[in-house]
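Colleague: Predicted structure and sequence below. I'll ask about it afterward.
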Amino acid sequence: MSNNTTGRLISLDALRGFVMFWIMSGEHVIHALAKAAPIPVFIWMSSQLHHAEWNGITFYDMIFPVFLFVAGVSMPFSLEKKIHLAGVKSAEDLPKEEKRKIYLSMLRRTAVLLILGFVVNGLLRFEGLDHTRLASVLGRIGLAWFFAGIIYLNFDFKKQLIWFFGILIGYYAATKWIPVPDFGAGVLTKEGSLEGYIDRLLLPGRLHSTVYDPEGIFSTLPAVSTALLGVFVGTFLKVKCSFSIKIRLLLMALTAVVLIIAGLIWDSSFPINKHLWTSSFVCFVGGFSILFFVFFYVIIDLFGFHKWAFPLVLIGSNSILIYIASEGLVDFKHSADYVFGGLIQFTPLIWQPFFAALSVTVVQLLLLYFLYKRKWFLKI
């Protein structure tokens with residue numbers, strides 16, 4: 001067994017690759033499979049690869065927060081060398097000069113993610129600000145990760161917990177009690193929510209859904225708690241203590257169950273809602289994020305069974321690049337049709353959409369393998 005709690009965790013790349021797979025092409029494979037072979041399990045899987053219309057949750061709603069959670073888990077490991085070289089015990093004890101360097105690095109990363117988010121949303125089409133969506137998935141990752149990092153660098157664990165719960169409770173209170181003009185307080189609809197009102201009031205450009213944006217200004221606040229939850233897991237896994245790795249993983253799993261139950265209880269007054277990134281959503285998905293991580297960590301890093309996950313590692317090690325490429329910057333469908341289209345036409349007609357979708361995944365993995373072998377990674 002490997003008991004690695006330092007350095008790069010293969011399980012993190014694999015988990016990152018697992019959630020990114022569904023975005024880059026996996027969803028299309030499953031949708032096509034459900035049409036070709038409409039058995040209950042495939043139909044259910046296909047139904048889980050759509051966002052919930054408003055309240056409620058599907059697996060697809062979990063992808064984004066799990067990715068952000070993983071970014072949080074990585075933070076204590078990425079700063080470990082700096083902490084060791086500075087001769088201090090924790091990130092909050094780092095010298096001011098060292099922290100200043102880290103802040104600048106974090107600002108650069110966040111700025112790059114914001115700009116890449118603009119590009120994915122069509123900034124380079126030059127259609128004018130009114131037609132350009134400025135809020136983005138990459139932008140939220142950058143901002144939530146940045147503010148979680150600021151908290152991690154300046155507060156001990158107890159105060160980080162206060163920030164975590166304070167953000168969730170504060171967001172709940174504001175959303176429920178601050179009145180929105182023409183709607184009043186606590187109206188959790190697309191038009192009547194405080195989040196939607198703030199987006200319409202303050203967010204320049206085009207909103208994703210006209211009256212609100214799922215990656216808008218105010219709902220980015222609880223996303224900081226999602227990233228912080230990952231920071232807590234990374235810290236607990238890395239820090240030296242009397243608990244064995246097995247006990248730590250068990251405690252993580254128990255914490256995950258508590259969070260899921262808390263999310264379900266909170267759902268009665270503050271519905272689980274990915275669009276608003278509600279506090280109940282943070283708890284519920286946060287619990288599943290921990291369970292996903294524990295599963296991947298146990299199988300890959302603890303037991304050493306990692307060969308099966310190599311395709312996921314290919315995706316996870318270049319996740320931002322494949323996300324940007326899959327969001328329209330690269331026509332993988334055209335390339336896959338050029339390479340495999342001739343063969344696919346000899347398969348049964350009902351199965352051709354499935355093999356066409358699968359061929360896109362193959363082309364994407366070939367590209368990622370080429371980049372991986374040459375150690376070409378998009379570092380942000």
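Modeller: Cool, got the structure. Bear in mind the structure is a predicted one, so any value in this text is a computation, not a measurement.

Colleague: Now do the strands in the chain.
Modeller: Counting by DSSP state E, the chain has no strands at all.

Colleague: what residue ranges in it score low on pLDDT?
Modeller: For the chain, the stretches flagged by pLDDT under 70 are 1-8.

Colleague: Burial check on the closest residue to residue 58 other than its chain neighbours, number of neighbours?
Modeller: Among residues not flanking residue 58 along the chain, residue 48 sits closest, at 4.9 Å (CB to CB, 6 or more residues apart in numbering). For glycine as for every other residue, the C-beta is placed from the backbone atoms N, C-alpha and C. Residues within reach of residue 48, counting by other CB atoms under 10 Å, total 16.

Colleague: Leaving out sequence neighbours, find the closest residue to the most centrally placed residue in the chain.
Modeller: Centroid-nearest residue in the chain, with CA atoms, centre = their mean: residue 67, separated by 2.3 Å. The shortest distance from residue 67 to any non-neighbouring residue, by CB to CB, 6+ apart, is to residue 19 (5.3 Å).

Colleague: Residue 191 and residue 273, how far apart?
Modeller: From residue 191 over to residue 273 the distance is 14 Å, taken as CB to CB, to the nearest Å.

Colleague: Give me the more crowded residue out of the two.
Modeller: Between residue 191 and residue 273, residue 273 has the larger neighbour count (other CB under 10 Å), namely 23 against 14.

Colleague: buried residues in stretch 353-365?
Modeller: 353, 354, 355, 356, 357, 358, 359, 360, 361, 363, 364, 365 (16 or more other CB atoms under 10 Å).

Colleague: residues contacting the residue nearest to the second one when sequence neighbours are not counted?
Modeller: For residue 354, ignoring the flanking residues on the chain, the nearest one in space by CB to CB, 6+ apart is residue 32 at 4.0 Å. By CB atoms under 8 Å, 6 or more residues apart in numbering, the contact set of residue 32 is 353, 354, 356, 357, 358.

Colleague: quick one: the last one and residue 29 touch, right?
Modeller: Yes - counting by CB atoms under 8 Å, residue 358 sits close enough to residue 29 to count as a contact (5.5 Å).

Colleague: Any figure for the gap between the nearest residue to residue 161 once chain neighbours are set aside and residue 371?
Modeller: Among residues not flanking residue 161 along the chain, residue 232 sits closest, at 7.7 Å (CB to CB, 6+ apart). Remark: distance between residue 232 and residue 371 (CB to CB) = 32 Å.

Colleague: Quick check: phi and psi on the residue nearest to residue 58?
Modeller: Per-residue torsions, residue 48: phi -80, psi -10 (degrees, to the nearest 10).

Colleague: you'd agree it is up against residue 63?
Modeller: No - with contact defined as CB under 8 Å, residue 48 does not count as touching residue 63 (10.6 Å).

Colleague: phi, psi of residue 267?
Modeller: According to degrees, to the nearest 10, residue 267 has phi -60, psi -30.

Colleague: Could you verify my assumption that it touches residue 282?
Modeller: No - between residue 267 and residue 282 there is no contact under CB under 8 Å: 11.7 Å.

Colleague: The two: which has the busier surroundings?
Modeller: Higher neighbour count among residue 267 and residue 282: residue 282, with 29 against 19, using other CB under 10 Å.

Colleague: if I look at residue 306, how far off is residue 237?
Modeller: Distance, residue 306 to residue 237, by CB to CB: 17 Å.

Colleague: More neighbours: those two, which one.
Modeller: Neighbour count, other CB under 10 Å: between residue 306 and residue 237, residue 237 has more, with 22 against 18.

Colleague: need the contact list for the more buried one.
Modeller: By CB under 8 Å, 6+ apart, the contact set of residue 237 is 5, 73, 76, 245, 248, 297.

Colleague: Drop anything exposed from those.
Modeller: For the contacts of residue 237, buried by 16+ other CB under 10 Å: 5, 73, 76, 245, 248, 297.

Colleague: Please identify which of those is nearest to residue 322.
Modeller: For the buried ones among the contacts of residue 237, the minimum distance to residue 322 (CB to CB) is 19.9 Å, reached by residue 73.

Colleague: could you pull out the helices for the stretch 251-380 of the chain?
Modeller: In the stretch 251-380 of the chain, the helices defined using DSSP state H, counting those that start in this stretch lie at 279-296, 310-316, 319-324, 332-344, 352-373.

Colleague: Go ahead and name everything in contact with the longest helix that the chain contains.
Modeller: Of all the elements of type helix in the chain, the one with the most residues (DSSP state H) is helix 96-120. The list of residues contacting helix 96-120 from outside it, by CB under 8 Å, 6+ apart, reads 79, 82, 86, 94, 132, 134-139, 141-143, 145-146, 149-150, 153, 320, 323-324, 327-329, 380.

Colleague: List the buried residues in that helix.
Modeller: Across helix 96-120, burial judged by 16+ other CB under 10 Å covers 98-99, 102, 106, 109-110, 112-114, 116-120.

Colleague: how far does it sit from the chain's center?
Modeller: Centre-to-centre, helix 96-120 and its host chain are 18 Å apart (CA atoms, centre = their mean, to the nearest Å).

Colleague: can I assume the residue nearest to residue 67 is in contact with residue 63?
Modeller: Yes - assessed by CB under 8 Å, residue 19 is found in contact with residue 63 at 4.6 Å.

Colleague: Please say which of those two ends up with more neighbours.
Modeller: Each of residue 19 and residue 63 has its neighbours counted (other CB under 10 Å); residue 19 has more, 26 against 23.

Colleague: Thanks a lot, catch you later.
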